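Peer 1: Fold the following and give me the result.
(chains A and B)
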Amino acid sequence: MRLLTHNMLSSNIKGVTNGFPLGIVVEKVIEKPVEMNPDFLKNMFAKIEWKALVDASRSMGYAELPDQVDSSMLDSVEFLQRFHHALLELHLEEGALVCPETGRKFPVNKGIPNMLLHEDEV
Amino acid sequence: MWFLCVFYHRLLDYRKPEVESLALMFGAFDSDDGGQDGGEHLEWRLPEHHHPDSPFHFVDLPSEDVARDIANRSILVKGIYELWGEGNNYEELEDAIKDYPDERKLPYLSPESTFRITVDSFGKVISFQEQNERIQSLAYIPFKGQVNLRNPDHKFWLMETDDYGTNNGLPPVVQKRIFFGREVGGADRKLLPTYQLKSRTYLGPTAMDAEMAFLMANQAMVKPGKLVYDPFVGTGSILVAAAHFGAMTMGADIDIRVVRDGRGPDCNVWSNFKQYGLPTPIGLLRADNNLPPWRPGLKEYLQDLGFYSGSSTLKMRWRVMLLNCSVDHYHDKDVFDAIICDPPYGVRAGGRKSGGRKLLKGVVGPYTVPDDKRTDHIPSTAAYSLVECVHDLLDLAAKMLVLNGRLVFFYPVLREDESTENHFPEHPCFVLVSASEQILSSRYSRVLLTMVKSSPYTEEIEEEARLKHLEFKENHLKWMEDGNLHSAVFSPGESVFVAEGDPKVSKETKPKYRGKYV
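Peer 2: Model (predicted):
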């Protein structure tokens, strides 16, 4: 699971009002280099919850993202590379996503988050 | 500028919508001030005496470049041609070609260029010798260039329709018509054998046929840099087509075995992309379309600001943005550029959602999972009727698509059922762009619906959508509930035994080809 996916997911357990952002329990992180696509990054930048991305990348062991950003930084290649690395190259291969309100763990196996709810959570 | 557009004689209902979608994508409507709300249409014209299902059409496009882009990207356009002449016989054709202005013709006839003439026909076979004679008869066109059959600069086409008998299932053409034109572009059908399902490593029972998957991607106006989502991803067959056209892809499925495990390390959804050298999906997850786990875009936008409270400058910036708040700022949060899917409608595969029968029965009070069993608990699932599934899909798309983003999905229709004809699910955020029928059996068809998100999602819309859904459910409940469609499609026929002479019999004769109007 890439952090882009993490940035879009929230806990949807019945009764939870603010299930975003999900915490991350790391068991295994892998890095897969992919080619950078600046247009896609610029497109996604406006849609990303930055704080959630910064926190998520730190819990995955990558602390190079700045706390504060604005769209002018997209002109910097160095920034784009860091953004790209955090968003698309870091994968949570094994671990879990944690609901910020209830602490319920959504397991991540083989890179696939299992967001299905139990019978008593719907 | 008028062009001759010749289609492959298949998936008749899909041909014009594909060209229209690609025209919008390649900017054919950019000069209009109508905006992109799905209201634009190309102008079409039929050759004299031709049936609407004829493969020959004329279409008005702003430029040759747009025409070439459309034709080369399309799946169903055999060719788009600059028409040099047409006629009911070869004398009329000659007059027409001679009348066509020299300044349009001469640049393509110059001595330093190479060319080829192809003779083609619809509804009859022309022997090799006849083809040669027809080419020789064009000697009045001053070709100066060299012939190059394999890779010419300019491709000319001589096309005939026939004037006798039936015509590939179409009503007989009353009058023979001959066209001569220069090819501007044509579909790259080589894609289809490359991507055909039988060479796909990981297949499921409802994997989408490659040709149809490409058509769906074209309807969704997929292009590089776009993010495309399939909530019923299965083996990824629809996303493969979207990835081929350069999109970033994301998929979800309720069946974790499909998305996570596949049939092993080299036979799974990822390997289906690697097989063609395509970038693998950005994300795959197990999720329920009934309870999608996506972060809400609009509704909690204001709450989201709380995350920035640590930084006062940022807070200020957001506040300024909110003061100027036009709806545009909200759209920044909408994520997907297109949603393309084939929902489970219970004929070949049924839908499932969270909340299984253990919960519904409620034998001993509310069902709870004991704490010690939570970790490896496998939640049971309940049947997911088509009505509910489509409602959830529209609602998800309304929330998650960017404005002008497209939702493309299949919807089943019973062919005998007159009352459901042309009655498709609706949503106040969406405008229906096209509905293309593909006949699957004498009992039922599937219709590819293309919708465009034309207004942002608000709370009023949420309520309106709910009412619309209830109304729709009321009208269609009888056959859209779980299992009903399946039994309508597979139950033994009754009309087969209708006595001869009964007026019903004539109604039973089905068209010989899969067009809509005949």
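
Peer 1: what's the least confident helix or strand in chain A, going by average pLDDT?
Peer 2: helix A:38-45 (a mean of 88; mean pLDDT, DSSP states H and E).

Peer 1: Tell me the buried residues in that one?
Peer 2: By 16 or more other CB atoms under 10 Å in any protein chain shown, the buried positions in helix A:38-45 come out as A:40-41, A:43-45. Glycine gets a C-beta too; all of them are placed from N, C-alpha and C.

Peer 1: could I get these as JSON lines with distance to chain B?
Peer 2: Shown next, in JSON lines, are the buried residues of helix A:38-45 (distance: CB to the nearest CB, whole Å):
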{"residue": "A:40", "distance to chain B": "5"}
{"residue": "A:41", "distance to chain B": "10"}
{"residue": "A:43", "distance to chain B": "6"}
{"residue": "A:44", "distance to chain B": "8"}
{"residue": "A:45", "distance to chain B": "9"}
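
Peer 1: can you tell me which of these lies nearest to residue B:135?
Peer 2: Using CB to CB, residue A:40 is the member of the buried residues of helix A:38-45 that lies nearest residue B:135, at 48.9 Å.

Peer 1: Now the nearest residue to that closest one once chain neighbours are set aside: which helix or strand?
Peer 2: Ranked by CB to CB, 6 or more residues apart in numbering or on different chains and with sequence neighbours excluded, the top spatial neighbour of residue A:40 is residue B:225, at 4.9 Å. When secondary structure is defined by DSSP states H and E, residue B:225 falls outside every helix and strand.

Peer 1: pretty sure residue B:225 is touching residue A:44, no?
Peer 2: No - contact between residue B:225 and residue A:44 fails when scored by CB atoms under 8 Å: they sit 9.6 Å apart.

Peer 1: for chain A, longest helix please?
Peer 2: With secondary structure taken from DSSP state H, chain A has its longest helix at helix A:50-59.

Peer 1: Now do the following helix or strand past that helix: which elements does it pack against?
Peer 2: Using DSSP H and E, the next helix or strand after helix A:50-59 towards the C-terminus is helix A:77-84. Helices and strands in packing contact with helix A:77-84 are listed as helix A:38-45; criterion 3 or more CB pairs under 8 Å, 6 or more residues apart in numbering or on different chains; DSSP states H and E.

Peer 1: just checking, what packs against the helix it packs on?
Peer 2: In this structure, helix A:38-45 makes packing contacts with helix A:77-84, strand B:227-230, judged by 3+ CB pairs under 8 Å, 6+ apart.

Peer 1: which strands and helices sit next to the last one?
Peer 2: Okay, so that is strand B:227-230. Other elements packing on strand B:227-230 under the criterion 3+ CB pairs under 8 Å, 6+ apart are helix A:38-45, helix B:237-244, strand B:248-253, strand B:336-341.

Peer 1: Between helix A:38-45 and the last one, find me the angle.
Peer 2: If I follow you right, that is strand B:336-341. Between the direction of strand B:336-341 and that of helix A:38-45, the angle (axes from the mean of the first three to the mean of the last three CA atoms, to 10 degrees) works out to 90 degrees.

Peer 1: which outside residues touch strand B:336-341?
Peer 2: The set of residues that contact strand B:336-341 without belonging to it, under CB atoms under 8 Å, 6 or more residues apart in numbering or on different chains, is B:216-217, B:219-222, B:226-233, B:238-239, B:242, B:247, B:250, B:393, B:396-397, B:400-402, B:405-410.

Peer 1: ok, and the closest non-adjacent residue to residue B:246?
Peer 2: For residue B:246, ignoring the flanking residues on the chain, the nearest one in space by CB to CB, 6+ apart is residue B:224 at 3.2 Å.

Peer 1: returning to that earlier point: now the contacts of strand B:336-341: which count as buried?
Peer 2: Buried positions within the contacts of strand B:336-341, assessed by neighbour count (16+ other CB under 10 Å), are B:216-217, B:219-222, B:226-233, B:238-239, B:242, B:247, B:250, B:393, B:396-397, B:400-402, B:405-410.

Peer 1: Count the residues that sit near residue 47.
Peer 2: Since no chain was named, I'll use chain A. 19 (other CB atoms under 10 Å in any protein chain shown).

Peer 1: Chain B was what I was after
Peer 2: 17.

Peer 1: Tell me which helix or strand it sits in.
Peer 2: Taking DSSP H and E as the definition, residue B:47 sits outside all helices and strands.

Peer 1: surely residue A:67 meets residue A:55?
Peer 2: No - using CB under 8 Å, residue A:67 is not in contact with residue A:55, being 10.0 Å away.

Peer 1: out of the two, which sits in the busier spot?
Peer 2: Taking other CB under 10 Å, residue A:67 and residue A:55 do not tie; residue A:55 has more neighbours (18 against 11).

Peer 1: how close does the more buried one get to residue A:70?
Peer 2: According to CB to CB, to the nearest Å, residue A:55 stands 19 Å off from residue A:70.

Peer 1: check contacts around whatever residue of chain A ends up closest to chain B.
Peer 2: Closest approach of chain A to chain B (CB to the nearest CB) occurs at residue A:5, with a separation of 3.5 Å. With CB under 8 Å, 6+ apart as the criterion, the residues that contact residue A:5 are A:113, B:250, B:282-283, B:285.

Peer 1: Of all pairs in these, which one spans the longest distance?
Peer 2: Pairwise distances among these were taken by CB to CB; the largest, 12.9 Å, belongs to A:113 and B:282.

Peer 1: more neighbours, the two?
Peer 2: residue A:113 (27 against 23).

Peer 1: What count of nearby residues applies to the residue nearest to residue B:246?
Peer 2: Residues within reach of residue B:224, counting by other CB under 10 Å, total 11.

Peer 1: What does it show for phi and psi?
Peer 2: phi -60, psi 140 (degrees, to the nearest 10).

Peer 1: now residue B:90
Peer 2: The phi/psi pair for residue B:90 (degrees, to the nearest 10) is phi -70, psi -20.

Peer 1: For it, which residues are in contact?
Peer 2: Contact criterion CB under 8 Å, 6+ apart gives B:134, B:137, B:178 as the residues in contact with residue B:90.

Peer 1: Among these, which lie within strands?
Peer 2: Among the contacts of residue B:90, the members found in strands (DSSP state E) are residue B:178.

Peer 1: hmm, who's touching the least confident helix or strand of chain A?
Peer 2: A:4, A:71, A:74, A:80, A:83-84, A:87, B:224-225, B:227, B:248.

Peer 1: Perfect, I'm done here.
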